[in-house]
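Trainee: my questions concern the predicted model and sequence given below.
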Amino acid sequence: MDRHNAEIRRLKDMIDGCSRAVVFTGAGISTESGIPDFRSPNGIWSKTTPIYFDEFVSSEAARREAWRRKFHIDQDIDNAEPNRGHRAVARLVREGVVSAVITQNIDGLHQLSGVPEENIIELHGNGTYAKCLTCATRYDLEPIKKDFLEADIIPECRFCGGLIKGATISFGQAMPEDEMRRAQDATLACDLFIAIGSSLVVYPAAGFPAIAKENGAQLVILNREPTDLDHLADLVLNLEIGPTLGEAANVN
Ligand code: APR
């Protein structure tokens, strides 16, 4: 049995032997669905730089660029289907092995793969709707997209005049309190924490693997590249996510 097979065998044994697992995902689980990640060699941050929350609020030009980028990346997301990695996670949730999927992703592919909403914790928000930053009114994206692409209109709230922003969390924006609390609870209640497809460099999200480990859980990191937290892990698999998780969860 070669090294990779031995590592996948070990992962499978850890999954079979745990009483409650948590899966933590990053953009790497969605690249096999055609959605680029951020820090791989051709990732999003190799071509552009993040728009921070205070820039979005203070500059109309930054808001215009943020909406342009959103509707551009949405083309990849709209065409994307869950891949074998998502389906493997969904099966582990269905079988009651995984209690929660803590995700940094905003692409909705965990939902689309069949993971129930109540088992998903979206730390960086959700790309499927927009919200007024002042009164929190929710807005559908289609009318905003039509006005933006056809008339270059930057959306403002029709009730309070506040700025409307996609419901994803930008750098410098406050994290969602409820999701952070749910993620903390799930992390402290698990005995196996599997971090999948994340470079583990963005905090506070990247803090959860260490919290799990410090709390006595086993930590697995599955990622093509080494991460800053590999030294904490009981098992590191530098392998492709879809085939690895698919084999570990018996999902094609
Ligand atoms: N199989 C295994 N690993 C993969 C695959 C794959 N098919 N595709 C990509 N990866 C790995 C890359 O090697 C990379 O280390 O997934 C990791 C993705 O890391 P990032 O691009 O940094 O994505 P993520 O960790 O989710 O970023 C966190 O940063 O920009 C913000 O808000 C954004 O939520 C995002 C956060």
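Mentor: Done, it's in.
Trainee: and R63, what does it touch?
Mentor: F56, I154, L163, K165 (Cβ atoms under 8 Å, 6 or more residues apart in numbering). Heads up, the C-betas are built off the backbone N, CA and C, glycines and all.
Trainee: let me see the contact set for the first one.
Mentor: When you say that, I think you mean F56. Going by Cβ under 8 Å, 6+ apart, F56 touches A62, R63, A66, L163, K165, S170.
Trainee: rerun that using 6 Å as the cut-off
Mentor: Neighbour list for F56: A62, R63, A66 [criterion: Cβ atoms under 6 Å, 6 or more residues apart in numbering].
Trainee: please enumerate the strands of this protein.
Mentor: 21-25, 98-103, 120-122, 125-132, 138-139, 164-168, 192-196, 218-222, 235-237 (DSSP state E).
Trainee: got those as CSV, with mean pLDDT and mean neighbour count columns?
Mentor: Converted to CSV, these look like this (pLDDT from 0 to 100; neighbours: other Cβ atoms under 10 Å):
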stretch, mean pLDDT, mean neighbour count
strand 21-25, 99, 27
strand 98-103, 98, 25
strand 120-122, 98, 23
strand 125-132, 94, 19
strand 138-139, 98, 14
strand 164-168, 97, 21
strand 192-196, 99, 26
strand 218-222, 98, 23
strand 235-237, 98, 19
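Trainee: and those: which comes nearest I35?
Mentor: Counting by Cβ to Cβ, I35 lies closest to strand 125-132 out of the strands of the chain; the figure is 10.4 Å.
Trainee: now that closest one, how far from the chain's geometric center?
Mentor: The chain centre lies 14 Å from the centre of strand 125-132; the measure is Cα atoms, centre = their mean, to the nearest Å.
Trainee: what comes into contact with it?
Mentor: 106, 108, 138-139, 141, 144, 157, 162, 164, 166-169.
Trainee: closest to W45 out of the strands of the chain?
Mentor: When those are compared (using Cβ to Cβ), the closest one is strand 164-168, at 15.2 Å.
Trainee: what about the residue nearest to H4 when sequence neighbours are not counted, neighbour count?
Mentor: Computed as Cβ to Cβ, 6 or more residues apart in numbering, the closest residue to H4 that is not its neighbour in sequence is L239, at 6.1 Å. Counted with other Cβ atoms under 10 Å, residues neighbouring L239 total 17.
Trainee: what's the answer for the one 10 residues further on, then?
Mentor: Counted with other Cβ under 10 Å, the neighbours of A249 add up to 21.
Trainee: now do the contacts for it.
Mentor: The neighbours of A249, taking Cβ under 6 Å, 6+ apart as the test, are A88, R91, L92.
Trainee: most surrounded residue in the residues you listed?
Mentor: Going by other Cβ under 10 Å, A88 tops those with 29 neighbours.
Trainee: tell me where the chain has helices.
Mentor: 3-17, 53-58, 60-79, 84-94, 109-112, 141-151, 177-189, 207-214, 241-248 (DSSP state H).
Trainee: I8 touches N250, doesn't it?
Mentor: No: under the criterion of Cβ atoms under 6 Å, I8 makes no contact with N250, lying 11.4 Å away.
Trainee: higher neighbour count, these two?
Mentor: I8 (20 against 9).
Trainee: what sits against the more buried one?
Mentor: T244, E247, A248.
Trainee: quickly note the distance from it to D2.
Mentor: 10 Å (Cβ to Cβ, to the nearest Å).
Trainee: if I look at the closest residue to R10 other than its chain neighbours, how far off is the ligand?
Mentor: Taking Cβ to Cβ, 6+ apart, and ignoring the residues beside it in sequence, R10 has L235 as its nearest neighbour in space, at 5.7 Å. According to Cβ to the nearest ligand atom, to the nearest Å, L235 stands 15 Å off from the ligand.
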